[in-house]
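Chemist: Let me see the structure of the following:
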Amino acid sequence: MSKSVKLATLVTQPFELLLEIERRSAHAQSGVGGSPLPDEWVGIGFRIGEEQFVVSRDQVREVLKLPESMTRVPGARRWLLGIANLRGHLLPLIDIKLLLGSGRTSLRRTTRVISVNHREIPAGLVVDEVQGFRRFSNQEFSEELPQTIVRCDRFLTGAYRRSDETWPILNLFEFVESNVFLQAAEE
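Modeler: Have a look, this model is predicted:
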């Protein structure tokens, strides 16, 4: 079927309607967050403070709104905001900006939780804003680590540079496996 077919014209032909919807869905996925093209990398862009970062989409389970209620953990460091019940699973919520020593994340309407897709360490990282999927060509990758205000240099694996924008790549798995992250008890 041609691309210009209107779905309304297929109302009386359910099989053809489903085929057209499937065709459009496959086409749309190849452009936004779907399967990457052979020479591109897909990540999720987000903001910590005024800086933008990107993480591999494979390291993110999901992006959530900040839950309305969470339970504080007695004896925990200040950056462990609490534990939240999200869809029946307990998830520790970590203020990543505070953990890195760059001040507290302001809790606003745009604040989001990035649920890390780690097999053994459940974690929800509280960030200022999630900016959605970001696609980069392999030619835009640089191993040179950019300077950041947020003290996360040891967790960066390079950056993508596009015109005047730089997107440092934050490795979430290295971050949640680090001693800094795993030492949540107040001393």
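Chemist: Enumerate every residue touching the residue at minimal distance from the centre of the chain.
Modeler: Closest to where the C-alpha atoms of the chain average out (Cα atoms, centre = their mean) is I44, at 4.5 Å. Listed by Cβ atoms under 8 Å, 6 or more residues apart in numbering, the contact set of I44 reads V54, V55, R57, V60, V63, I114, V130, Q131, G132, F133, R134. The C-beta positions use only the backbone N, C-alpha and C, and glycine is treated the same way.
Chemist: Over to E186?
Modeler: E186 touches G75, A76, R77, counting by Cβ under 8 Å, 6+ apart.
Chemist: and the first one, how many neighbours does it have?
Modeler: Spelled out, it's G75. Neighbour count for G75, taken as other Cβ atoms under 10 Å: 10.
Chemist: Then the second one?
Modeler: Residues within reach of A76, counting by other Cβ under 10 Å, total 15.
Chemist: For the closest residue to R78 other than its chain neighbours, give me its contacts.
Modeler: Of all residues not flanking R78 in the chain, L98 sits nearest, at 6.3 Å (Cβ to Cβ, 6 or more residues apart in numbering). Residues in contact with L98 (Cβ under 8 Å, 6+ apart) are R78, W79, R104, T105.
Chemist: now L10
Modeler: E16, L17, E20.
Chemist: Show me what secondary structure element comes after the worst-scoring helix or strand of the chain on mean pLDDT.
Modeler: The weakest-scoring helix or strand in the chain, judged by mean pLDDT, DSSP states H and E, is helix 14-29 (a mean of 69). Where DSSP states H and E defines the elements, the next helix or strand beyond helix 14-29 is strand 40-48.
Chemist: buried residues in that next one?
Modeler: Residues of strand 40-48 classed as buried: W41, V42, G43, I44, G45, F46, R47, I48 (neighbour count, 16 or more other Cβ atoms under 10 Å).
Chemist: For burial, what's the neighbour tally of the closest residue to A123 other than its chain neighbours?
Modeler: Nearest residue to A123, sequence neighbours excluded (Cβ to Cβ, 6+ apart): V116, at 4.6 Å. Using other Cβ under 10 Å, V116 is surrounded by 21 other residues.
Chemist: same thing with S106?
Modeler: Going by other Cβ under 10 Å, the residues that sit close to S106 add up to 10.
Chemist: Now it. Its backbone dihedrals?
Modeler: According to degrees, to the nearest 10, the main-chain angles of S106 amount to phi -70, psi 130.
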